[in-house]
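In: Return atomic coordinates for the entry below.
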Amino acid sequence: MTRILESLGDLATMALRRLPPELAHDAGVAALASVAGQRLAQLVSVPQDSRLQVVLPGIGKLQHPVGLAAGFDKDARAIPSLAALGFSYIEVGAVTPRPQPGNPKPRLFRYPGEGSLINRMGFNSAGVDTIQQRLVQLGWDNEACPIGINLGKNKDTPLEEAHRDYLTVQDKLRNLARFFVVNVSSPNTPGLRSLATPAFLKELASGFGDDLRRVWVKFDPDMEKPVFQDLVSAVAQLGYAGLVLCNTHRVERPEPGGLSGRPVLNLANQALTWAWEVHRGSTPMIGVGGIMTGKDVLNKVALGATAVQIYTSFVYSGPWVVARILNEIRESMDQADISSLESMRGSAYSGHVSK
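Out: Below you'll find the predicted structure:
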């Protein structure tokens, strides 16, 4: 039965790749959101191993470190199926206060030879009220699989009023999601990255109040090191839950937009290293960018990440990607006699904080 399901999953992935990228994405999400998709997803077997368990502040205990990054299920349509496929936590969005269509199409491009994607979606969102209604109807159990919300601003909101957009979305969804991620790092909304300043983070922190302990901040990999490390210090000092490192890499060729997948692995790992130099393990980190294998996950843990998120590898590898990555992690842990993921966090650095 498992081999039959794997074959069906591979065929479905191959079929979707014959479609234009955004059409394939929409079709995939629609399939996962359907009753039939949910039933098929529940047949996926995901390995269980206590050595893989991790704990993230503001999120809680996870059965393993592999979550789904923002951008896949932007409008909270397929959460039950995604959880059944094995993701230990799921980030929805970006969610904006008002609905907006995003940038003109085409805006999503595949480069299978490189294992990469370029997107310039531009925060296309059904809007916070629709997301709120869906999550209320779903009645999701955030203990079993925590849901996070990637917070965004509307394109036409002036930068000086941007903090209101982030706070509006968080306030409306505060009782429906487990954690939140401040997105000041997408390259596809004009001026958004200019909000990545200590002053703006401080303004937001004041607005989040007691909820700040479950709010993370996502940065981009394209900053100069001193600027980036000043922001890491601000996140730690202000009391945010942690860092999500990192968003897509801004490119102009072969298409303008944000690059994800295998080619950004080194840049994303560099961000983890630069952040560790600042906090030395005291600020939790979620590693994102370039993860294709279990080895990639273990490398990010060694560089200081407690957990990770994937997106592009899900697009290319299909519904079995989480199970495959977890099995690769387990095999590597067996070979190296590693007792837990937490025991190796930060092990790439001499004098790392022991756990």
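
In: next SSE after the lowest-mean-pLDDT helix or strand in the chain?
Out: Here the helix or strand of the chain ranked lowest by mean pLDDT, DSSP states H and E is helix 2-17, holding a mean of 59. Going down the chain from helix 2-17, the next helix or strand is helix 21-33, by DSSP states H and E.

In: which residues touch that next one?
Out: Residues outside helix 21-33 that contact it (C-beta atoms under 8 Å, 6 or more residues apart in numbering) are 12, 16-19, 37-38, 41, 72-73, 77-78, 81-82, 105-110, 117, 315. Using the backbone N, CA and C atoms, a C-beta is placed for each residue, glycine as well.

In: quick one, helices of the protein?
Out: Per DSSP state H, the chain carries helices over the ranges 2-17, 21-33, 35-41, 79-84, 128-138, 162-173, 198-208, 225-238, 265-279, 294-302, 312-317, 321-336.

In: Could you list the low-confidence segments of the stretch 1-150 of the chain?
Out: Along the stretch 1-150 of the chain, the model assigns pLDDT under 70 to residues 1-17.

In: ok, back up a step: mind checking which of the helices of the chain is nearest Val55?
Out: Proximity to Val55, assessed across these by C-beta to C-beta, is greatest for helix 294-302 (13.4 Å).

In: So which residues make contact with the closest one?
Out: The contact list for helix 294-302, computed with C-beta under 8 Å, 6+ apart, reads 65-66, 265, 268-269, 272, 287, 290-291, 308, 324-333, 341, 344-348.

In: again, but for stretch 162-169
Out: 95-97, 128, 149, 151-154, 157, 182, 195, 200, 203-204, 207-208.

In: residues of that stretch that come out buried?
Out: Within stretch 162-169, the residues that qualify as buried by neighbour count (16 or more other C-beta atoms under 10 Å) are Ala162, His163, Asp165, Tyr166, Leu167, Thr168, Val169.

In: Nearest to Glu143, out of these: which one, please.
Out: Val169 (22.8 Å).

In: The closest one and Pro47, how far apart?
Out: 35 Å (C-beta to C-beta, to the nearest Å).

In: Separate out the buried members of the contacts of stretch 162-169.
Out: Neighbour counting with 16+ other C-beta under 10 Å marks 95-97, 128, 149, 151-154, 157, 182, 195, 200, 204, 207-208 as buried within the contacts of stretch 162-169.
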